[in-house]
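Novice: Need a 3D model of the sequence below.
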Amino acid sequence: MKNHYKLLIALIGGIVLGTALHSHQDVEWLQHVNNFVMFPVGQIFLRLLFMIVVPMVFSALILGVFELASNQGVGKIASKTLMYTVIASTASVLIGIGLVNFFQPGKGFKIDTSIFEAAKTNVETISNNAKNSKSFAQALVEVIPKNPLEAAVRALEGEMLSLMFCALFFGFAFHLYARDHKRSELRIIPIFEEIFNASLKIVEVAMKLAPYAVFTIVFQTAFKFGLEIFESLLYFAAVVVAGLLIQQFVVYSILLKFIAKRSPWKFYSDSKEVMMYAFSTSSSNACLPKSIEVAETKLGLTPAISRFVLTVGATANQNGTALFEGVTVLFLAQVFGVELSMASQFKVVIMCIIAGIGTAGVPGGSLPLIMIIMNGVGIPAEGIALILGVDRFLDMCRTTLNVSGDLVIAALVDDKKAVE
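Specialist: So this is what the prediction gives:
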């Protein structure tokens, strides 16, 4: 059986079994199975992937920039990546804003104050993260790390951008060194190639565990929340999912068909394993190794380009997150009766596009940024508690769009003439 079929069976099995046993979660032996079997298997799989994100990102970006710069292609690739990222992110936010204005899922929503009390700790944590956020000028300066090792240590906690800058700069510096000397004298490049190849081997090992891990991760979510996770916010969730589907199958398909000159159906078919991993892990960073592998082996993208675009995209191309943030802010504005003018909504659009570029590619990484946007337009910060119950499912959905969007951008940017 092909691996993607195993993943689909594991996904459905986890949802069905977890939901069926949700009403029995107070049974002691089921709690033990969930805590001491399901949890470790899922976490081992995720940790295997997270373990190689830093060495893979660092080596892939250095190699990508080195090869592109050596062939005079880095400027063109970077500018095209930025252009298509902004276009796709803008489209996703406008779709989300349009849907939430049309359907108005927050109108008439009855606020249950017990939700705020139950989620008080989570809200305070997210609120503190939002309050401690850096100004634009400070964030811009801190993209350049004072200590690359510290940036590497904190990469999975939202400091990935600093590590990526360091890798980009070193990659270009190696190019300058090779230009002034013989390339054969630059003995460190083969070392980074071996680190990258070793990372791919670890991915290969981790993927053997993937079907079991997907089952356990999805089972845990369904076992803990059951179908109740969807009931109170079904309308809101439906608007978010509708927006994600439009972005995925309309916007991306148009870009693939008319700019990349590729069949959208074949593209999605070749990418289905990565999309399944994204849905189950809710982490763009965790999917990066598999995305790079699929880009090169199944989609046939130029390695130097795909490594550069995908590693940058894991942090900078969060289309699904940008859409979700826009929908959430306007939904909560409707819930609390905060009337947002066209100017305020335009401000939300701009902030969501920027936030989508700077969101950490980890589960729940968008929540502090949503609170920052809420504060900026006068929406009570505690309102974030309303969406916490359904956020896990929507995180899975938007991460799928984020990851597939990275591959779409890589296909749009790919131009073999740039590296010939």
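
Novice: Sticking with T321, tell me its helix or strand.
Specialist: Following DSSP states H and E, one finds T321 within helix 319-335.

Novice: and the next element down the chain from that helix?
Specialist: helix 342-358.

Novice: who touches that next one?
Specialist: For helix 342-358, contacts defined as Cβ atoms under 8 Å, 6 or more residues apart in numbering pick out 85-86, 89-90, 92-94, 96-97, 101, 139, 161, 315-319, 321-323, 325-326, 329-330, 340, 366, 369-370, 372-373, 376-377. In short, each C-beta sits where N, CA and C put it, glycine included.

Novice: again with stretch 99-112
Specialist: In contact with stretch 99-112 (Cβ under 8 Å, 6+ apart) are residues 232, 235-236, 238-239, 242-243, 246, 326-327, 330-335, 345, 386.

Novice: any idea how far it is from the chain center?
Specialist: Relative to the centre of its chain, stretch 99-112 is centred 26 Å away, using Cα atoms, centre = their mean, to the nearest Å.

Novice: same question, stretch 145-157
Specialist: The chain centre lies 19 Å from the centre of stretch 145-157; the measure is Cα atoms, centre = their mean.

Novice: With stretch 176-190 instead?
Specialist: Relative to its parent chain, stretch 176-190 has a centroid offset of 35 Å by Cα atoms, centre = their mean.

Novice: okay, how far is it across that stretch, tip to tip?
Specialist: Separation of the first and last residues of stretch 176-190 by Cα to Cα, to the nearest Å is 17 Å.

Novice: Over that stretch, what's the mean pLDDT, rounded is fine.
Specialist: Mean pLDDT, stretch 176-190: 80.

Novice: got a list of contacts for it?
Specialist: 62-63, 66, 70, 174.

Novice: Any buried residues in the helix holding T321, and which?
Specialist: Under the neighbour-count criterion of 16 or more other Cβ atoms under 10 Å, helix 319-335 has 319-335 buried.

Novice: Do you have the strands of the stretch 251-400 of the chain handy? List them.
Specialist: Assigned by DSSP state E, counting those that start in this stretch, the stretch 251-400 of the chain shows no strands.

Novice: got any ranges where it has weak pLDDT?
Specialist: Scanning the stretch 251-400 of the chain with the threshold set as pLDDT under 70 gives 315-317, 355-369, 381-382, 385, 388-389.

Novice: ok, which stretches of it are helices?
Specialist: In the stretch 251-400 of the chain, the segments counted as helices under DSSP state H, counting those that start in this stretch are 252-258, 264-270, 272-281, 284-297, 303-316, 319-335, 342-358, 367-377, 385-413.

Novice: L21 is nearest to which of those helices?
Specialist: Nearest to L21, of all the helices of the stretch 251-400 of the chain, is helix 385-413, at 17.4 Å by Cβ to Cβ.

Novice: and the angle from the closest one to helix 303-316?
Specialist: Interaxial angle, helix 385-413 versus helix 303-316 (axes from the mean of the first three to the mean of the last three Cα atoms, to 10 degrees): 160 degrees.

Novice: if we can go back for a sec, distance to V218 for the helices of the stretch 251-400 of the chain - can I get that in a markdown table?
Specialist: Output for the helices of the stretch 251-400 of the chain, formatted as a markdown table (distance: least, Cβ to Cβ, whole Å):
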| stretch | distance to V218 |
| --- | --- |
| helix 252-258 | 25 |
| helix 264-270 | 21 |
| helix 272-281 | 6 |
| helix 284-297 | 15 |
| helix 303-316 | 22 |
| helix 319-335 | 19 |
| helix 342-358 | 26 |
| helix 367-377 | 21 |
| helix 385-413 | 9 |
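
Novice: Of those, give the one that comes closest to G14.
Specialist: Evaluated with Cβ to Cβ, the helices of the stretch 251-400 of the chain place helix 272-281 nearest to G14, the distance being 8.5 Å.

Novice: Switch the contacts of stretch 176-190 over to CSV; also include distance to L288, neighbour count and secondary structure.
Specialist: CSV is the format used below for the contacts of stretch 176-190 (distance: Cβ to Cβ, whole Å; neighbours: other Cβ atoms under 10 Å; DSSP: H, G, I helix; E, B strand; the rest coil):
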residue, distance to L288, neighbour count, secondary structure
I62, 15, 28, helix
L63, 14, 22, helix
F66, 19, 25, helix
S70, 24, 17, helix
F174, 22, 21, helix
